[in-house]
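> Kindly generate the corresponding structure for this input.
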Amino acid sequence: MADTGAADPRAIEHEAMQAQAYLTREVFAPFFFEKLAKDYGFAPRDEEDAQRLLRMGMALVQAEAGERVKKASADSRFYADAEQHLAQAMQACGHPADLLLPGSGYAKEAAGKLAQVDTIVEAVLAHQRGLQQAVSAQPNGAAA
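The predicted structure is shown next:
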């Protein structure tokens, strides 16, 4: 992915979309399916199942990001409550409750490996440029 410098906003948007597709295919999907298999012993039966699971996972990521933006300036217990409920649900199913915490060794190890792959780093930077452009295009520079 090329350096965009002061490129046309459409070029930045296009590059960001390509970067997002690349990151989904090369980072998110493999990590997501590996985590499902390792932690829950679950694997999609076919490509259709895999696509459905990815759509659900991406919807959850987007919902979380939306909530984070909405709640950033509010005094809210959203994440603490969500984390507590998730931990309770995981424990009720017999799984460790701390698997999804940012400090978990699994997530740190995966992030460390991915940060060493140049194409992934370039895709992340291109995606960030696209997000930055989208945020700055919002009224008052704030996300919706």
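
> on contacts alone, who are the packing partners of the helix or strand of the chain with the lowest mean pLDDT?
Of all helical and strand segments in the chain, the minimum by mean pLDDT, DSSP states H and E falls on helix 78-92, at a mean of 71. Counting contacts by 3 or more C-beta pairs under 8 Å, 6 or more residues apart in numbering; DSSP states H and E, helix 78-92 is packed against helix 47-71. C-beta: built from backbone N, CA, C; applies to glycine.

> buried residues in the helix it packs on?
53-54, 57 (16 or more other C-beta atoms under 10 Å).

> Relative to the whole chain's centre, how far out is it?
Distance, stretch centre to chain centre, for helix 47-71: 8 Å (C-alpha atoms, centre = their mean, to the nearest Å).

> I'd like the mean pLDDT over that helix, please.
Taken as a whole, helix 47-71 has an average pLDDT of 81.

> what angle do it and helix 78-92 make?
Counting by axes from the mean of the first three to the mean of the last three C-alpha atoms, to 10 degrees, helix 47-71 lies at 140 degrees to helix 78-92.

> For helix 47-71, name the packing helices and strands.
helix 29-40, helix 78-92.

> Identify whichever of the ones you listed lies nearest to Q116.
Q116 lies closest to helix 29-40 among those, at 14.8 Å (C-beta to C-beta).

> Taking helix 78-92 as reference, get the angle to the closest one.
Going by the same axes, to 10 degrees, helix 29-40 makes 50 degrees with helix 78-92.

> pLDDT averaged over helix 29-40 - what is it?
Per-residue pLDDT over helix 29-40 has a mean of 87.

> Can you spell out which helices and strands pack onto that helix?
Here helix 29-40 touches helix 47-71, helix 105-114, going by 3+ C-beta pairs under 8 Å, 6+ apart.
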